[in-house]
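K.L.:
Pasting the sequence and the predicted model now:
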Amino acid sequence: MERYAITGGPGCGKSTVLKALEIWHGEHIVKEVAQDYIELKQANGTKEPWMEPDFQDEILRIQLQRNARVHPNAERVFLDRDVPDGLAYAPLRTPIYERITAATGLEGITKVFLIENMGSTETNEMRHEDQTEALELERKLEQVYKTLGHEPIRIPTGTPKERVDTLLAHLE
């Protein structure tokens, strides 16, 4: 099975690109874990779940669970963030950083696509990073994947259709 990691800073349009791949092209996708987890925790009264000490551990656990549930007959799957993304968020040389490192590459990534920042980042109850932080995370994410031996393919700003078309052109 081919596995494509879709990465990028907060608010860059990753989830929109993945929805388009699923709806317009029938592709298998794995939804972003952090977004779903934050929504659930906030619905249960936790205002800033990312501040909880086990936040990154829960994201890793659920990501591995979701990755394992991908249909075995799928030719390819697109992941809205993959395990290595956690390395850009976890503090260096901490136990969670080491656990993410140990889980990285368990199933192999075929290619990495970096969805570029659209020039602004909207903060909300779920996305607390501002534009400066989003750009720094984009830089860190690109470096994480390069360190792991991948050369992320940058998908520039544009409409969802333009971005999906660019991404799919790299698969041919």
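P.N.:
Yep, it's here. Residues are numbered from 1 along each chain as shown.

K.L.:
what's the neighbour count on the spatially closest residue to T46 that is not a sequence neighbour?
P.N.:
Counting by Cβ to Cβ, 6 or more residues apart in numbering, T46 lies nearest to E52, which is 7.1 Å off, once chain neighbours are set aside. (Glycine included, C-beta is placed from N, CA and C.) When neighbours are defined as other Cβ atoms under 10 Å, E52 has 12 of them.

K.L.:
do the one 5 residues further on as well
P.N.:
Close neighbours of D57, defined as other Cβ under 10 Å, add up to 16.

K.L.:
so it sits right up against Y97, yeah?
P.N.:
No. Taking contacts as Cβ atoms under 8 Å, D57 lies outside contact range of Y97: 11.2 Å.

K.L.:
any idea how far stretch 68-76 is from the chain center?
P.N.:
Averaging C-alpha positions (Cα atoms, centre = their mean, to the nearest Å) puts stretch 68-76 18 Å from its chain's average.

K.L.:
Buried by neighbour count: which residues of it qualify?
P.N.:
Within stretch 68-76, the residues scored as buried using 16 or more other Cβ atoms under 10 Å are V70.
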